[in-house]
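[1] Got a predicted model here, sequence first, then my questions.
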Amino acid sequence: MTISPSFISSVHGCAETEKGTATRSLIFNPDEIKISTEGHSIKFHHALNHQCCRKADLSHAIADNRIMIYETWSGEGCRCMCFSELDATLTGLPPGEYTVQIIERGTSSLGKAMPEKIINEVKIQLD
């Protein structure tokens, strides 16, 4: 019996919906990306300032020992800045060395496709 990894994600702040939870929120600096391990799990946290009226969704893919966590952005954007926190946990991974990439993609605030961009990459070891 093979157990496949489980992915749980959450988005808090303006990026929960395209219209945001508020027209504007407090701005925190600096942007922060944290990737940590706990047992056979990988935890991802991204705290960031971004244009209001933008929505973020998180997804993932695994290819060999490479784990891609995708931040997919959408929405036209408003003329203000917001703060959001993106979190994900990937559990049930077998032991080994992994390369974890955080990849930004989606559409720009002008509605044009954004090229995929690796915004963070780390190697981790799960024992």
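    Nice, I can see it. Residues are numbered from 1 along each chain as shown.
[2] Who does residue 60 form a beta bridge with?
    On the basis of DSSP bridges, residue 60 is bridged to residue 69.
[3] what's near enough to touch residue 98?
    42, 65-67, 123-126 (Cβ atoms under 8 Å, 6 or more residues apart in numbering). Glycine gets a C-beta too; all of them are placed from N, C-alpha and C.
[4] Between those residues, which sits nearest residue 76?
    residue 67 (30.9 Å; Cβ to Cβ).
[5] if we can go back for a sec, compare the contacts of residue 98 and tell me which has the most neighbours.
    For these, the largest neighbour count, defined by other Cβ atoms under 10 Å, is 24 neighbours, found at residue 42.
[6] what pairs with residue 56 across the strands?
    Assessed by DSSP bridges, residue 56 has beta-bridge partners residue 73.
[7] those strands in this protein, which residues are they?
    6-13, 32-38, 41-51, 55-63, 66-74, 81-91, 96-107, 113-126 (DSSP state E).
[8] What is the neighbour count of residue 76?
    The tally of other residues near residue 76 (other Cβ under 10 Å) stands at 14.
[9] next one: residue 34
    Neighbours of residue 34 using other Cβ under 10 Å come to 12.
[10] what's the answer for residue 63, then?
    8.
[11] Low-confidence ranges, the protein, go.
    The chain contains residues with pLDDT under 70 at 1-3, 18-30.
[12] Point to the residue nearest the middle of it.
    residue 71 (4.3 Å; Cα atoms, centre = their mean).
[13] ok, now which ones touch that one?
    Counting by Cβ under 8 Å, 6+ apart, residue 71 touches 46, 56-58, 86, 102-106, 119.
[14] and what of residue 89?
    Here residue 89 is in contact with 7-9, 41-44 (criterion: Cβ under 8 Å, 6+ apart).
[15] switch the cut-off to 6 Å
    8, 41, 43 (Cβ atoms under 6 Å, 6 or more residues apart in numbering).
[16] and what of residue 34?
    Going by Cβ under 6 Å, 6+ apart, residue 34 touches residue 45.
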